[in-house]
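Peer 1: Here is a sequence with its predicted model. Questions after.
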2 protein chains.
Amino acid sequence: MKDLKNAQLGRVFQELLPLPATMEPRLKQALQYILGNPGSLIRPGVLIRVALEYGLAERPATDLAIGLEYFHTASLIFDDLPSMDDAVERRGRECVHLKFGEAGATLAALALVNRAYALTFRSIAAAPAAVQAEAQRYVERSLGVDGLLNGQSMDVHFAALPHDLQTTERAAVGKTVSLVRLTLVLPAILGRAAERDMLLLDKIAVCWGLSYQIVDDLKDRLESTSATGKTSSRDLLLDRPNVALAIGIDGAMRRLKRLLLIGDKALNRLLATRPGLAFLRELHAALSTDVSRLLELSDLRSEGEAA
Amino acid sequence: MKDLKNAQLGRVFQELLPLPATMEPRLKQALQYILGNPGSLIRPGVLIRVALEYGLAERPATDLAIGLEYFHTASLIFDDLPSMDDAVERRGRECVHLKFGEAGATLAALALVNRAYALTFRSIAAAPAAVQAEAQRYVERSLGVDGLLNGQSMDVHFAALPHDLQTTERAAVGKTVSLVRLTLVLPAILGRAAERDMLLLDKIAVCWGLSYQIVDDLKDRLESTSATGKTSSRDLLLDRPNVALAIGIDGAMRRLKRLLLIGDKALNRLLATRPGLAFLRELHAALSTDVSRLLELSDLRSEGEAA
């Protein structure tokens, strides 16, 4: 098993979408801007290690990891558009549409999507014939009207939906869990993992995906609270699903701890027969750091309220 | 060979993107709106007949045809957005973004794109293993930064490009020819057609794709001229590539006739060994009707100018 380090992965992120010399210059510049500034690349790093553990070769593992990262990046570019979240900054830089216009951002995101499907299916084509159809359906379902796009649509049109925990978490299952599922379960499908492994990985994906989303939701509530002293938040402003808005900050904290606990149990059961996946604990550690910080913020808030 | 009639094809266009009951209502409504109003479906009809001629089974032929029609439909929805052509009407109805908002239109178009890739690759997976990788690359190249998206970007950013015939036609090769190529050449690749057939089909695709575009360009110039008595046109207003703007109306007419002639020659050579493709003449006939009407408009214009 060969570990691709982060810098290497950043280079692969750049290189796996070659830009032809004859390209329209603005589209080329927009893609260079995007490809030159990857995110943390945690997700593709994890995917590659899961894939290698289940016997995939390095090339299809890397194709899949970067393909999914292109999907993810494209979804962020769309998400940031004025018609959706109207964001100004992403990954520490000006949003793509602010630099290259909405049309430029849309076309660049579609170019990432096109390359993402090509890489994903090249990776699937390298798998045993018996699992290819299942893997393709899994990709389609995770990204389409049953998955990511449905979650995104619930996000944007949340004003018209019930604001309860169930609906809020359904949006997160579509929007956030889908990509975590693809990261953990899809390589297992391609590697013909045992049914038990896939069920446990799916459970971990759901628990961690929802946990990530709650951490995000809490940050949205708590950071704005501590920074401005007001309880306003971007999710409240835009009327977006937010677990801390649905069941309160303390309720969201409890839900988060519970999800992390269930995820941990599933991970322990998985590691009993798959010790090679122990690196997944690192992901949990990263989440826990976030949780500790949020607990501090939450305490600060309580003190502020008591004062 | 079983001919799918137009109404049947319209039903398949609707049915091949099943909408789950649990979908977010606005996204569902947007997709129902789109799927319930297909275009002329000439392209998928032609693709199916070409595919059957080259020995594909009806199911992969239909998957591919409808998949490409979803790509095409999605590209029109993006194209109509305020940031691109800011259109108000498409296929005789209000544009998707005017009815469902820009976010709604974007997500619905992405759902079409996701399903389009799934159908396309399901169709490719049914082909002999030896041609699958080539077919996938062909799809990716035709739609991505070498093809459709590049053409679209040249269209949107044309103001910064040279306004000569060569650049104008390069935009059309990306924007218009790419989908005609997928319609005529991709089924031949999947059916392992002879190299000669593929070269001739490619030549026909280029000539007819460019011809379609010139007909469109001439309509933009002539219809606005005859209707308003002014020489303004939408392409001029938006600064979009238009052959009739690059080399004048008479020059465009000459170019159109020449392209049709070269296309005819290639078609005749193809039909000498592939008489089963004679239905392609119908497409040419449809183009010729358009050309005759344009000639009339052009005469009217000349008379108007002389008056």
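Peer 2: Nice, thanks for sending it over. Numbers count the residues shown, from 1 in each chain, chains lettered A, B, ... in the order given.
Peer 1: tell me how far the longest helix anywhere in chain A is from the chain's mean position?
Peer 2: Secondary structure of chain A read by DSSP state H shows that its longest helix is helix A:195-228. Relative to its chain's centre, helix A:195-228 lies at 10 Å (CA atoms, centre = their mean, to the nearest Å).
Peer 1: Would you mind writing the CA trace of the helix or strand just after that helix as PDB?
Peer 2: Reading on from helix A:195-228 to the C-terminus, the next helix or strand found by DSSP states H and E is helix A:234-238. Presented in PDB, the C-alpha positions along helix A:234-238 are these (Å, rounded to 0.1, in the frame of the first residue of the first chain):
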ATOM      1  CA  ARG A 234     -26.400  32.700   7.700                       C
ATOM      2  CA  ASP A 235     -28.700  29.600   7.700                       C
ATOM      3  CA  LEU A 236     -31.300  31.600   9.500                       C
ATOM      4  CA  LEU A 237     -30.900  34.500   7.100                       C
ATOM      5  CA  LEU A 238     -31.200  32.200   4.000                       C
END
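Peer 1: as a whole number, average confidence for helix A:234-238?
Peer 2: Helix A:234-238 shows an average pLDDT of 91 in the prediction.
Peer 1: ok, is that helix in contact with chain B or not?
Peer 2: No - Helix A:234-238 stays clear of chain B (CB under 8 Å from any CB of the partner chain), getting no nearer than 11.4 Å. No exception for glycine: its C-beta is placed from N, CA and C like everyone else's.
Peer 1: element containing the one residue in the stretch 151-300 of chain A that gets nearest to chain B, please.
Peer 2: Proximity to chain B, evaluated over the stretch 151-300 of chain A using CB to the nearest CB, is greatest for A:Ser153 at 3.9 Å. Counting by DSSP H and E, the secondary-structure element that holds A:Ser153 is helix A:148-156.
Peer 1: what's the angle between that helix and helix A:195-228?
Peer 2: For helix A:148-156 and helix A:195-228, the angle between their directions (axes from the mean of the first three to the mean of the last three CA atoms, to 10 degrees) works out to 30 degrees.
Peer 1: Quick one: residues in contact with helix A:148-156.
Peer 2: A:71, A:75, A:78-79, A:84, A:142-144, A:161, A:167, A:170-176, A:178-179, A:240-241, B:22-24, B:26-27, B:103-104, B:107, B:110-111, B:114 (CB atoms under 8 Å, 6 or more residues apart in numbering or on different chains).
Peer 1: Pull out the buried positions in the longest helix of chain A.
Peer 2: Using 16 or more other CB atoms under 10 Å in any protein chain shown as the burial criterion, the residues of helix A:195-228 that qualify are A:197-198, A:200-222, A:224-225.
Peer 1: Which elements pack onto that helix?
Peer 2: Identification of packing neighbours for helix A:195-228 by 3 or more CB pairs under 8 Å, 6 or more residues apart in numbering or on different chains; DSSP states H and E yields helix A:165-172, helix A:178-190, helix A:234-238, helix A:243-273, helix A:280-306.
Peer 1: Mean neighbour count, these: which tops it?
Peer 2: When the helices and strands packed on helix A:195-228 are scored by mean count of other CB atoms under 10 Å in any protein chain shown, the highest mean neighbour count falls to helix A:178-190 (a mean of 25).
Peer 1: what's in contact with stretch A:40-60?
Peer 2: With CB under 8 Å, 6+ apart as the criterion, stretch A:40-60 contacts A:1-4, A:6, A:9-10, A:13, A:61-62, A:64-66, A:68-69, A:72, A:122-123, A:126-127, A:179-180, A:182-184, A:186-188, A:190-193, A:201, A:274, A:276-277, A:279-280, A:283, A:286.
Peer 1: now the closest residue to A:Phe279 other than its chain neighbours: how far from A:Ala266?
Peer 2: Distances taken as CB to CB, 6 or more residues apart in numbering or on different chains place A:Arg49 nearest to A:Phe279, at 5.6 Å, with adjacent residues excluded. Applying CB to CB, to the nearest Å, one obtains 18 Å for the distance of A:Arg49 from A:Ala266.
Peer 1: Identify whichever of the helices and strands packed on helix A:195-228 lies nearest to B:Val131.
Peer 2: Across those, the minimum distance to B:Val131, taken as CB to CB, is reached by helix A:178-190, at 22.2 Å.
Peer 1: That closest one - contacts with which helices or strands?
Peer 2: Against helix A:178-190 (3+ CB pairs under 8 Å, 6+ apart) you get helix A:42-53, helix A:58-80, helix A:129-143, helix A:148-156, helix A:195-228.
Peer 1: A:Val206 reaches A:Val177, doesn't it?
Peer 2: Yes - between A:Val206 and A:Val177 a contact is recorded at 5.5 Å, counting by CB atoms under 8 Å.
Peer 1: Tell me the buried residues in stretch A:75-84?
Peer 2: Within stretch A:75-84, the residues scored as buried using 16+ other CB under 10 Å are A:75-81, A:83-84.
Peer 1: actually stretch A:123-137, not the one I wrote
Peer 2: Buried positions in stretch A:123-137, judged by neighbour count with 16+ other CB under 10 Å: A:123-127, A:131-132, A:135-136.
Peer 1: Closest one of those to B:Gln32?
Peer 2: Within the set of those, A:Gln136 lies nearest B:Gln32; the separation is 25.0 Å, counting by CB to CB.
Peer 1: Show the pLDDT at the closest one.
Peer 2: Note for A:Gln136: predicted pLDDT of 97.
Peer 1: about what we covered before: could the helices and strands packed on helix A:195-228 be laid out in JSON lines, adding distance to A:Pro44?
Peer 2: Conversion of the helices and strands packed on helix A:195-228 to JSON lines gives the following (distance: least, CB to CB, whole Å):
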{"stretch": "helix A:165-172", "distance to A:Pro44": "21"}
{"stretch": "helix A:178-190", "distance to A:Pro44": "8"}
{"stretch": "helix A:234-238", "distance to A:Pro44": "27"}
{"stretch": "helix A:243-273", "distance to A:Pro44": "20"}
{"stretch": "helix A:280-306", "distance to A:Pro44": "13"}
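Peer 1: Going by mean pLDDT, which of those comes out lowest?
Peer 2: Per-segment confidence across the helices and strands packed on helix A:195-228 bottoms out at helix A:280-306, which has a mean of 74 in mean pLDDT.
Peer 1: Give me the helices and strands touching that helix, please.
Peer 2: With contacts defined as 3+ CB pairs under 8 Å, 6+ apart, helix A:280-306 has these neighbours: helix A:42-53, helix A:195-228, helix A:243-273.
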